[in-house]
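Asker: Please work out how this folds:
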Amino acid sequence: MTDNNYTVFRRNYEDHISKKLRVGKEEFYHDYYETKQPFGLTIFGFLVLIFALYILIKTHTLYGISLIITGCFFIYGGLKKSKLVFKISKNGIWTAEFGFIYFRHIERFEFYRYIGKHSSERLKIHIKNYKIYKMEMPFLELTISHLDNYGDLKNILNNALMIANKKNKNKNYR
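Answerer: Got it, this is the predicted structure:
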């Protein structure tokens with residue numbers, strides 16, 4: 001799905017859910033952040049910066065300036081804060097791409113590992129009644145290989161989904 005389809009899903013999802021989204025009042029018990037870059041990247045950037053200053057003073061100004069810019073990029077990459085990508089609450093999941101989705105609207109989760117030139121691990125979130133939300137495919141796909149500590153994510157999501165489905169079945173019988 002393209003980014004346009006994600007925004008179409010988000011708009012249609014918020015229009016069709018029966019309960020108003022209250023993400024601010026949700027209590028999230030698992031947070032997943034992007035993987036932090038190694039500190040060695042910062043050290044390498046600092047060394048490039050020192051070498052750039054030497055080049056700038058001794059030999060050529062243009063080479064020195066280009067190396068200073070390169071060194072600053074490495075330092076920034078090593079020091080930038082990792083952003084929040086995925087959260088789990090008792091009622092649903094929140095992702096940076098899709099926003100908040102209730103467990104009662106999720107059919108199942110699938111985990112895939114794509115191996116090849118650009119290998120990655122992905123999570124497919126299969127949505128119940130996906131045609132209501134004008135989706136082309138019955139799932140939303142999220143890359144999870146860049147998340148910190150995602151090893152137990154499969155068990156946590158499946159357990160939370162099972163608990164949410166049991167709650168929905170109990171409410172339907174009342």
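
Asker: From the centre of this structure, point out the most distant residue.
Answerer: Most distant from the centre of the chain: residue 58, at 45.4 Å, with distances by C-alpha atoms, centre = their mean.

Asker: how much space between that residue and residue 67?
Answerer: According to C-beta to C-beta, to the nearest Å, residue 58 and residue 67 sit 12 Å apart. C-betas here are computed from N, CA, C, even on glycine.

Asker: what's the answer for residue 74, then?
Answerer: Distance from residue 74 to residue 67, by C-beta to C-beta: 11 Å.

Asker: what residues are shared contacts of these two?
Answerer: Each of residue 48 lies in contact with both residue 74 and residue 67 under the rule C-beta atoms under 8 Å, 6 or more residues apart in numbering.

Asker: all helices of the protein, in order?
Answerer: For the chain, applying DSSP state H gives helices covering 3-16, 39-58, 61-79, 153-173.

Asker: can you put those helices in CSV and add distance to residue 30 and mean pLDDT?
Answerer: Shown next, in CSV, are these (distance: least, C-beta to C-beta, whole Å; pLDDT from 0 to 100):
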stretch, distance to residue 30, mean pLDDT
helix 3-16, 22, 69
helix 39-58, 26, 87
helix 61-79, 26, 86
helix 153-173, 6, 70
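
Asker: Excluding covalently adjacent residues, which one is nearest to the residue minimising distance to the centre of the chain?
Answerer: With distances taken as C-alpha atoms, centre = their mean, residue 85 lies nearest the centre of the chain, 3.4 Å away. Ranked by C-beta to C-beta, 6 or more residues apart in numbering and with sequence neighbours excluded, the top spatial neighbour of residue 85 is residue 96, at 5.2 Å.

Asker: Who are the contact partners of that neighbour?
Answerer: Contacts of residue 96 by C-beta under 8 Å, 6+ apart are 83, 84, 85, 86.

Asker: For residue 118, see how far away the closest residue to the first one other than its chain neighbours is.
Answerer: This points to residue 83. Spatial nearest neighbour of residue 83, excluding adjacent residues (C-beta to C-beta, 6+ apart): residue 34 at 5.6 Å. For residue 34, the distance to residue 118 equals 17 Å [C-beta to C-beta].

Asker: next one: residue 89
Answerer: 31 Å.

Asker: try residue 149
Answerer: 22 Å.

Asker: Among those two, which residue is more densely surrounded?
Answerer: A direct count of neighbours by other C-beta atoms under 10 Å for residue 149 and residue 118 places residue 149 higher, at 11 against 6.
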